[in-house]
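[1] sequence first, then the predicted structure, then my questions.
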Amino acid sequence: KIVHEELVHLLGDEAVPLGYADQPPTVIILCGLQGSGKTTTAGKLAWRIQKEGRKPLLCATDIYRPAAIEQLQQVGEQVEVPVFTMGENDPVAIARAAVSDPVIIDTAGRLHIDEEMMHEIEQIEGSFDEAETLLVIDALTGQDAVNVAEEFSRRVELDGLILTKLDGDARGGAALSARAVTGVPIKFVGVGEKMDALDLFHPDRMAQRILGMGDMLTLIEKAQQMVDVEEARQLQEKLLSAEFDLEDFRTHLNRIRGMGPLDQLMKMIPGAAKLPELSSADIDERELDIVDAIVNSMTKEERRRPDIMNASRKRRIARGSGTTVQDVNIVLKQYRELSKMMQAMTQGKNLQIGGLQLGKS
């Protein structure tokens with residue numbers, strides 16, 4: 001949870017919306033490498049702005065890439081937003097002529113960062129007293145995004161980032177890197193091909209995506225409701241000193257039961273669905289009633305020193321709990337396996353338990 005909170009802080013704490021100029025027009029300049037999704041993002045941004053009740057204008061300044069202007073016109077038709085073009089004139093002149101509020105300028109990209117490209121973007125940005133300059137980054141580029149973000153940040157005054165192609169396998173490491181290098185907020189993320197698939201960036205959601213946490217935070221919140229800080233500290237000390245006894249075992253199980261149905265809790269654990277031992281497990285919570293009854297039938301000494309358990313003690317416990325000696329043996333075996341696992345984890349060892357390979361991570 002601490003790692004998650006730090007990630008949220010690194011990613012910007014809160015969502016940052018699009019900035020509009022105090023004095024019109026609002027000029028939004030999209031820049032980035034070729035293939036990062038600028039033109040499609042321009043359409044998505046126009047669609048979003050239109051939904052806010054404004055009337056945006058798209059401006060085509062990419063005169064280099066074949067059919068780039070036509071592509072923006074097609075995008076404009078999809079979102080029913082006009083597109084301003086001046087053929088293959090000077091891109092800076094085209095940008096200056098596109099006077100509207102707001103106007104989204106789709107600049108030319110390159111296959112790599114080059115001096116000509118950077119100089120042109122500098123000139124376009126310098127043509128306006130106030131402009132919202134957004135760098136569009138392909139999330140699939142991974143750590144290469146650092147170099148791109150660093151160079152653009154050095155040459156133009158970036159106001160924010162837009163991360164595209166997050167609907168694929170990209171985890172979001174590019175977001176963390178680009179945000180750290182530029183120091184500007186990530187404003188939007190592209191999560192699909194449709195024109196409405198541009199979402200406001202939420203740092204907490206991206207942190208969960210990077211960590212692959214699933215519903216882990218919900219699980220943590222449930223645990224915090226059931227276990228106070230002091231109790232958790234005492235349990236940690238017992239685990240580290242290998243003093244985890246049957247009383248702790250029973251208390252721990254009752255705490256878990258208090259968090260809700262076990263089958264639902266299992267689904268909250270990241271990766272649990274991929275483990276056949278867990279995903280296909282038929283969890284019968286009545287078995288926990290048996291465990292509770294058996295431990296309750298033990299003396300305090302037996303709970304604290306399970307190694308003193310002999311055949312006569314087991315028969316007495318079975319009679320007192322309405323179970324069998326076999327049930328008592330199963331509970332003791334489960335306790336020993338859990339103790340063994342806890343000791344291995346605190347010592348940083350790998351361990352094989354119940355068909356699962358447990359690593360120190």
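    Done, it's in. Numbers count the residues shown, from 1 in each chain.

[2] tell me the secondary structure of the residue nearest the centre of the chain, please.
    Nearest to the centroid of the C-alpha atoms of the chain, with distances taken as Cα atoms, centre = their mean, sits Arg209, at 1.9 Å. For Arg209, the assignment made with DSSP: H, G, I helix; E, B strand; the rest coil gives helix.

[3] who are the packing partners of the helix or strand containing Ala175?
    Taking DSSP states H and E as the criterion, Ala175 maps to helix 173-182. Judged by 3 or more Cβ pairs under 8 Å, 6 or more residues apart in numbering; DSSP states H and E, the packing partners of helix 173-182 are helix 2-10, strand 132-138, helix 144-155, strand 160-164, strand 186-190, helix 203-211. For the C-beta atoms, the positions are set from N, CA and C on the backbone; glycine is no exception.

[4] mind listing what's buried along that helix?
    Across helix 173-182, burial judged by 16 or more other Cβ atoms under 10 Å covers Gly173, Ala174, Ala175, Leu176, Ser177, Ala178, Arg179, Val181, Thr182.

[5] what does stretch 328-336 give?
    Buried residues in stretch 328-336, counted by 16+ other Cβ under 10 Å: Val328, Ile330, Val331, Leu332, Tyr335.

[6] for the stretch 201-350 of the chain, give me the ranges with low pLDDT.
    213-218, 241-242, 264, 267-283, 345-350 (pLDDT under 70).

[7] list the buried residues for stretch 33-42?
    Neighbour counts using 16+ other Cβ under 10 Å place Leu33, Ser36, Gly37, Lys38, Thr39, Thr40, Thr41, Ala42 of stretch 33-42 among the buried residues.

[8] for Met341, give its distance to Pro25.
    The spacing between Met341 and Pro25, counted by Cβ to Cβ, to the nearest Å, is 64 Å.

[9] do Lys300 as well
    From Lys300 to Pro25 the distance is 78 Å (Cβ to Cβ).

[10] more neighbours: these two, which one.
    Pro25 (17 against 10; other Cβ atoms under 10 Å).

[11] Ala60 and Val75 touch, don't they?
    No. Judged on Cβ atoms under 8 Å, Ala60 makes no contact with Val75 at a distance of 9.9 Å.

[12] tell me which of these two has more neighbours.
    More neighbours surround Ala60 than the other of Ala60 and Val75, with 28 against 23 (other Cβ under 10 Å).

[13] so Ala318 sits in a helix?
    Yes. The assignment for Ala318 is a helix, going by three-state DSSP.

[14] who are the contact partners of it?
    Taking Cβ atoms under 8 Å, 6 or more residues apart in numbering, we find Ala318 in contact with Ile294, Ser297, Thr324, Val325, Asp327, Val328.

[15] grab the nearest non-local neighbour of the third one.
    This means Thr324. Counting by Cβ to Cβ, 6 or more residues apart in numbering, Thr324 lies nearest to Ala318, which is 5.5 Å off, once chain neighbours are set aside.

[16] I'd like the distance between that neighbour and Ser339.
    Distance check for Ala318 against Ser339: by Cβ to Cβ, it reads 22 Å.

[17] again with Thr41
    To Ser339, Thr41 is 55 Å away according to Cβ to Cβ.

[18] try Ala98
    In this view, Ala98 and Ser339 are 71 Å apart by Cβ to Cβ.

[19] repeat for Glu230
    Counting by Cβ to Cβ - Glu230 and Ser339 are separated by 22 Å.

[20] those two: who's more crowded?
    Remark: of Glu230 and Ser339, Ser339 carries more neighbours, 19 against 8, as counted by other Cβ under 10 Å.

[21] which element is that one on?
    Using DSSP H and E, Ser339 maps to helix 325-346.

[22] hmm, Leu134 is touching Leu163, no?
    No. Leu134 is beyond contact range of Leu163, at 10.7 Å (criterion: Cβ under 8 Å).

[23] where along the protein do the strands fall?
    For the chain, the strands defined by DSSP state E cover 27-31, 57-60, 83-84, 103-106, 132-138, 160-164, 186-190, 198-200, 351-353, 356-358.

[24] and the second one, what does it pack against?
    Spelled out, that is strand 57-60. Identification of packing neighbours for strand 57-60 by 3+ Cβ pairs under 8 Å, 6+ apart yields helix 38-51, helix 68-79, strand 83-84, helix 91-97, strand 103-106.

[25] which neighbours does it have in its sheet, and in what orientation?
    When sheet partners are counted by DSSP bridges, strand 57-60 sits next to strand 83-84 (parallel), strand 103-106 (parallel).

[26] who touches the first one?
    With Cβ under 8 Å, 6+ apart as the test, strand 83-84 has contacts from 57-60, 72-73, 75-76, 94, 97-98, 100, 103.

[27] nice, that's everything, thank you.
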